[in-house]
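1. structure for the following, please:
(4 chains)
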Number of protein chains: 2
Amino acid sequence: MESDLTGLSGARTLLDRTSTVSRLAGALRTRIIEGALRPGAQLPEHAVADLLGVSRNTLREAFRLLAHEGLVVHEPHRGVFVRTLDAADVRDIYTTRRLVECAAVRSENAPPEAVAELRAAVGAAQAAVAGERWNDVGTADLRFHAAIVALAGSWRLDGLMDRVLAELRLAFHVLDDPRRLHEPYVRRNGEIAALVEQGRTADAADALAAYLDDAERELLAGIR
Amino acid sequence: MESDLTGLSGARTLLDRTSTVSRLAGALRTRIIEGALRPGAQLPEHAVADLLGVSRNTLREAFRLLAHEGLVVHEPHRGVFVRTLDAADVRDIYTTRRLVECAAVRSENAPPEAVAELRAAVGAAQAAVAGERWNDVGTADLRFHAAIVALAGSWRLDGLMDRVLAELRLAFHVLDDPRRLHEPYVRRNGEIAALVEQGRTADAADALAAYLDDAERELLAGIR
DNA sequence: GCATATTTGTCCGTATGTATA
DNA sequence: CTATACATACGGACAAATATG
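-> Numbering: from 1, shown residues only, chains lettered A, B, ... in the order given. Presented below is the predicted three-dimensional model:
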């Protein structure tokens, strides 16, 4: 198994204030979801602790958090690895997304902030597409879907789904063409946002279900 | 990934192969869920580590897991405390439950095991009521609702909701009368199970929604 | 299949900072 | 305000498991 730590260079400056474990987990989480640390890469305790200037004990606490989030896997006596999602994981994530997102979009009295956030996420995605910043397109896409979940008005549900969507980014990183993955969905996000704004929640739920089916199919095809 | 086909993995082997941190977290989780450690109680590192015969570093790793599950709260430089749920938490949990459980019960091709588990949970609850083991009644109740979620067929969703239901037990422990809390719901669980078995999923979802509304109301009244 | 090196798992001691009586 | 207790974080140690030659 490879032990590629290139995504950790220059990390030291990010670790300045607040709790060391939180900052450590945050720094690793950012590098994982942005793809700097690729799925399958091992994170040896000694090497990572030295690189980031923390003790092994502190690093292990951060690893526990990330393992609990599903971003890394802890293999006993073997070490910590960036999670690699398989086809079953992708199917499972989309089963969860279909259930939660389609139910959330039907919510009766959705928070106005969440509706506004929908529109904002669509705008960010369009801007990212115009600038050909494909990683940002993916970020805006997931931001849109986090806003969909927020329509339900439960911050607990928001937190749960944030983690599921973060996991999903692990699947993005094993694909070759980031453009083909996200670009067609930006338009569909806009259509769903419009339906929500018009109060046509049932239509929005149908559009969302079709969206998720297509996205799952394409992702599964890309994963092989 | 673990495929143990030997059938020889007895308790000793199992204990040896699980990490101290996992067992530690499990022990603490059990004590919190069962109410032996009451909401608001502090868990001083040194005392708990000595009591359970582990090092503080190991204990801190377990604390990180439990904090991530929401069973304890980590207050900077003050320590970890068993979580105390307020009314907003209860409302939030029930918003999540309503969305997820009512959607799950409508699932088209639910796994047969989950349907069987529904019936088994109802039986366990009835037996616990007969034996006046009120804590077990609560356990069986949550087991029933975990089975409801399992109808959706996503083990990721199962894990998310398991944690939400575990959190909910924290609210039970601040109430006085455990009997009045759970007993009336055992019958309603049985009715919901019957509706699911008959394929009347829409009726089951309605009954479930009414159940959750009542339970939330009663819990909020008890919390004051 | 064996011996060795590496890494993880766990523990301890300690220095420092923070909150509280 | 001082004193005390506790959390935070570090570094070193050693056994056990795993990887390597």
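2. what residues are up against the most centrally placed residue in chain A?
-> To find the centre residue of chain A, average its C-alpha atoms and take the closest one (C-alpha atoms, centre = their mean): that gives residue A:166, at 2.3 Å. Contacts here follow C-beta atoms under 8 Å, 6 or more residues apart in numbering or on different chains; on that basis residue A:166 touches A:29, A:33, A:69-71, A:142. C-beta coordinates here come from the backbone N, C-alpha and C atoms, glycine included.
3. which of the residues you listed lies closest to residue B:154?
-> For residue B:154, the closest of the contacts of residue A:166 turns out to be residue A:70, at 13.5 Å, with distances computed as C-beta to C-beta.
4. per-residue pLDDT, the closest one?
-> pLDDT for residue A:70: 96.
5. so how many other residues sit close to it?
-> A count of neighbours around residue A:70, defined by other C-beta atoms under 10 Å in any protein chain shown, yields 18.
6. what does residue A:112 give?
-> Residue crowding around residue A:112 was assessed by other C-beta under 10 Å; the count is 8.
7. okay, it and DNA strand C: tell me how far apart.
-> With distances taken as C-beta to the nearest atom of the strand, to the nearest Å, residue A:112 is found 36 Å from DNA strand C.
8. how about residue A:221?
-> Noted for residue A:221: a distance of 34 Å to DNA strand C, by C-beta to the nearest atom of the strand.
9. and for residue A:93?
-> If you go by C-beta to the nearest atom of the strand, the gap between residue A:93 and DNA strand C works out to 26 Å.
10. look up the closest residue to that residue, ignoring the ones flanking it.
-> With C-beta to C-beta, 6 or more residues apart in numbering or on different chains as the measure, residue A:168 is the residue that lies nearest to residue A:93, at 5.5 Å, once sequence neighbours are left out.
11. domains in chain A, as residue ranges please.
-> If you go by automatic domain parsing, the domain ranges for chain A are A:10-82, A:87-223.
12. any idea which of those scores lowest on pLDDT?
-> Taking each of these in turn, the one with the lowest mean pLDDT is domain A:10-82, at a mean of 89.
13. pull the CA atoms of the lengthiest helix in chain A into CSV?
-> Looking only at chain A and at elements set by DSSP state H, the helix with the highest residue count is helix A:201-223. Extracted in CSV, the C-alpha atoms of helix A:201-223 (Å, rounded to 0.1, in the frame of the first residue of the first chain):
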residue,chain,number,x,y,z
THR,A,201,-42.4,20.6,-3.7
ALA,A,202,-43.8,17.3,-5.2
ASP,A,203,-42.4,18.2,-8.6
ALA,A,204,-39.1,19.2,-7.0
ALA,A,205,-39.0,15.8,-5.2
ASP,A,206,-39.6,14.0,-8.5
ALA,A,207,-36.9,16.0,-10.3
LEU,A,208,-34.5,15.4,-7.4
ALA,A,209,-35.2,11.6,-7.5
ALA,A,210,-34.4,11.5,-11.2
TYR,A,211,-31.3,13.6,-10.6
LEU,A,212,-30.0,11.2,-7.9
ASP,A,213,-30.8,8.1,-10.0
ASP,A,214,-28.8,9.5,-12.9
ALA,A,215,-25.9,10.7,-10.7
GLU,A,216,-25.7,7.3,-9.0
ARG,A,217,-25.7,5.5,-12.3
GLU,A,218,-22.9,7.7,-13.7
LEU,A,219,-20.8,7.4,-10.6
LEU,A,220,-21.2,3.6,-10.6
ALA,A,221,-20.2,3.4,-14.2
GLY,A,222,-17.1,5.5,-13.5
ILE,A,223,-16.1,3.4,-10.6
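14. list the buried ones in that helix?
-> For helix A:201-223, the buried set under the neighbour-count rule, 16 or more other C-beta atoms under 10 Å in any protein chain shown, comprises A:201, A:203-205, A:207-208, A:211-212, A:215-216, A:219, A:222.
15. columns distance to residue B:184 on top of the domains of chain A, output as TSV?
-> As requested, these are exported to TSV (distance: least, C-beta to C-beta, whole Å):
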stretch	distance to residue B:184
domain A:10-82	35
domain A:87-223	25
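16. ok, back up a step: secondary structure element for the residue nearest to the centre of chain A?
-> Using DSSP states H and E, residue A:166 falls within helix A:155-172.
17. how about residue A:119?
-> Secondary-structure element containing residue A:119, defined by DSSP H and E: helix A:112-130.
18. what's the angle from that helix to helix A:201-223?
-> Here helix A:112-130 runs at 40 degrees with respect to helix A:201-223, directions being taken by axes from the mean of the first three to the mean of the last three C-alpha atoms, to 10 degrees.
19. got the angle for the very next helix or strand once past helix A:112-130 vs helix A:155-172?
-> Using DSSP H and E, the next helix or strand after helix A:112-130 towards the C-terminus is helix A:134-150. Between helix A:134-150 and helix A:155-172, the angle formed by their directions is 150 degrees, by the same axes, to 10 degrees.
20. for helix A:134-150, the distance to its chain's centre please.
-> Its chain's C-alpha centre lies 8 Å from the corresponding centre of helix A:134-150 when counted by C-alpha atoms, centre = their mean, to the nearest Å.
21. and stretch A:193-204, by the same measure?
-> Centroid separation between stretch A:193-204 and its chain, computed with C-alpha atoms, centre = their mean, is 24 Å.
22. please apply the same query to stretch A:120-140.
-> When C-alpha coordinates are averaged (C-alpha atoms, centre = their mean), stretch A:120-140 and its chain have centres 15 Å apart.
23. residues contacting it, please?
-> Residues beyond stretch A:120-140 that count as contacts (C-beta under 8 Å, 6+ apart) turn out to be A:34-35, A:141, A:143-144, A:146-147, A:169, A:172, A:178-179, A:181-183, A:186, A:189-190, A:193.
24. what about it, start to end distance?
-> Between the opening and closing residues of stretch A:120-140 we find a distance of 9 Å, counting by C-alpha to C-alpha, to the nearest Å.
25. buried residues in it?
-> Using 16+ other C-beta under 10 Å as the test for burial, stretch A:120-140 gives A:120-122, A:124-126, A:128-129, A:134-140.
26. pull the most distant pair out of these.
-> In the buried residues of stretch A:120-140, the most distant members under the criterion C-beta to C-beta are A:120 and A:134, with 19.4 Å between them.
27. and for residue A:46, the neighbour number?
-> 9.
28. mind listing what it touches?
-> By C-beta under 8 Å, 6+ apart, the residues touching residue A:46 are residue A:56.
29. near DNA strand C at all, the host helix or strand of it?
-> Secondary structure assignment for residue A:46, by DSSP H and E: helix A:45-52. Yes - where contact is defined by C-beta under 7 Å from any atom of the strand, part of helix A:45-52 touches DNA strand C, namely A:45-46.
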